[in-house]
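**Q** structure for the following, please:
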Amino acid sequence: MKKLAVVAFGGNALLQAGQKGTIDEQEKNAYETSEKLLVLIREKDYNLVITHGNGPQVGNILLRNIAGNKMYGVPEMPLDICVAYSQGFIGYVIEQQLKNVLMAHDLDRDILTIVTQVLVNKDDPAFNNPTKPIGPYYTKEEAEKIMQATDAVFAEDPRGRGWRKVVASPRPLVINNKKSIEKIAREGTIVVAVGGGGIPVFYVKENRLQGIDAVIDKDLASALLAAQINADKLFILTDVPKVCLNFNTPQEKALDRLTIAEAKQYLREGHFAEGSMAPKIRAAIYFVEHSGKDAIITKTTKLGIDNGGTRIVMI
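**A** Predicted coordinates:
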């Protein structure tokens, strides 16, 4: 039986800093990222489940919501519906561009996007402390102006790229349809699932699900999915080749390997920024602790390369 890997696309897999977010830009980025998956599909012989973020895209969908309501009276949709929108169109882009890559290399694999709901706790304390950045970057002055005019909350990007709107990010508890995702993926279909961390839902009463305004962290949701479908490996893709201590300082040190104990210690010491590397480290810890398998955090261009990225292991 082939090994099964979950690959969590980073935000730059579809939309890179400084880009406007046109469909041409996103399709080009998706194609280039998909090319890097060939090493896992063809050389490492993995079956794949692909997950992805949606921070810039869902933020832009919300902006269209506001503009459509103001200009034409189109009813605004809640955040969970916007996440569902983003799952559909990003899944379409990934499906199409990955299929183009496979055909260019004479490979024949079906690709299937599954719109994925993820159960959360409506009483999660995250709803009182919004931290998940979505949408475009603004200057401090622009962010302050929007906050004064609306109930939006903004926070400064830890890497100094500007200010972004932040929303609640509750902890994912259960991935809906996880059995089907595993079955289809193990049969050889490449599955795109848990887009944007999944559509957050809760039980408003027994046996009745309902959406809720939030965005789930896609790395943590990817780790939960990987553990629940018994994946052999979790790859978390980002825009740096390795996890670093003292990142972006003269004392920066790249790490080839991290044990769970070391990762937790470095988190406590504040080496990893929230909204950047910290959620990826927590996701890797979760997967390793709940599966006993390794997780790898790396840049897309280092995917599948020996000693590429940082390997997080049990001991």
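
**Q** tell me which helix or strand of the chain sits lowest on mean pLDDT?
**A** strand 132-138 (a mean of 84; mean pLDDT, DSSP states H and E).

**Q** contacting residues around that strand?
**A** Contact partners of strand 132-138, identified using Cβ atoms under 8 Å, 6 or more residues apart in numbering, comprise 17, 54-56, 58-60, 62-63, 146, 154-155, 157, 161-169, 214-215, 217, 275. Where you see a C-beta, it was placed from the backbone N, CA and C, and this is true even at glycine.

**Q** out of those, which are buried?
**A** Neighbour-count burial (16 or more other Cβ atoms under 10 Å) is assigned, among these, to 54-56, 58-60, 62, 154-155, 157, 162-169, 214-215, 217, 275.

**Q** among those residues, which lie within strands?
**A** Among these, the ones falling in strands (DSSP state E) are 154-155, 163-167.

**Q** same list (the residues you listed) but as CSV, adding pLDDT and distance to residue 257.
**A** Listed next are those as CSV, based on pLDDT from 0 to 100; distance: Cβ to Cβ, whole Å:
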residue, pLDDT, distance to residue 257
154, 94, 37
155, 93, 32
163, 94, 35
164, 90, 32
165, 88, 36
166, 91, 32
167, 91, 34
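
**Q** and those residues, which is closest to residue 300?
**A** residue 164 (22.4 Å; Cβ to Cβ).

**Q** wait, the closest one touches residue 155, no?
**A** Yes: assessed by Cβ atoms under 8 Å, residue 164 is found in contact with residue 155 at 6.7 Å.

**Q** rewinding a little: the ones in strands among the buried ones among the contacts of strand 132-138: which two are farthest apart?
**A** Greatest spacing in these, by Cβ to Cβ: 163 and 167 (13.9 Å).

**Q** pull the contacting residues for residue 142.
**A** Contacts of residue 142 (Cβ under 8 Å, 6+ apart): residue 163.

**Q** host element of it?
**A** Take DSSP states H and E as the rule and residue 142 turns out to sit in helix 140-149.

**Q** those helices in the stretch 1-150 of the chain, which residues are they?
**A** Applying DSSP state H, counting those that start in this stretch to the stretch 1-150 of the chain gives helices spanning 23-36, 38, 55-72, 79-104, 140-149.

**Q** now residue 312. Nearest residue, chain neighbours left out?
**A** With Cβ to Cβ, 6 or more residues apart in numbering as the criterion, residue 312 has its nearest non-adjacent residue at 4.1 Å, and that residue is residue 284.

**Q** the one you found: what's it in contact with?
**A** Each residue near residue 284 by Cβ under 8 Å, 6+ apart is listed here: 223, 234, 236, 258, 263, 295, 297, 312.

**Q** what distance do you get for the second one to residue 271?
**A** This means residue 234. From residue 234 across to residue 271, the span is 21 Å (Cβ to Cβ, to the nearest Å).

**Q** the two: who's more crowded?
**A** Higher neighbour count among residue 234 and residue 271: residue 234, with 29 against 19, using other Cβ atoms under 10 Å.

**Q** phi, psi of the more buried one?
**A** phi -120, psi 120 (degrees, to the nearest 10).

**Q** how much space between it and residue 121?
**A** In terms of Cβ to Cβ, residue 234 sits 23 Å off from residue 121.

**Q** residues in contact with stretch 157-165: which ones?
**A** The contact list for stretch 157-165 (Cβ under 8 Å, 6+ apart) reads 17, 55, 59, 133-140, 142-143, 146, 152-156, 248, 273-276.

**Q** one more pass at 10 Å, please.
**A** With contact meaning Cβ atoms under 10 Å, 6 or more residues apart in numbering, stretch 157-165 is reached by 17-18, 55-56, 59, 62-63, 130, 132-144, 146-147, 150, 152-156, 239, 247-248, 272-278.

**Q** list the buried residues of stretch 138-152.
**A** Neighbour counts using 16+ other Cβ under 10 Å place 138, 143 of stretch 138-152 among the buried residues.

**Q** now find how far off-centre it is within its chain.
**A** Distance of stretch 138-152 from the chain centroid (Cα atoms, centre = their mean, to the nearest Å) equals 26 Å.

**Q** so residue 295 bridges to which residues?
**A** As for beta bridges, residue 295 partners with residue 234, residue 312 under DSSP bridges.

**Q** would you list every one of the helices in the stretch 201-315 of the chain?
**A** Secondary structure of the stretch 201-315 of the chain by DSSP H, counting those that start in this stretch: the helices cover 218-228, 260-268, 278-291.
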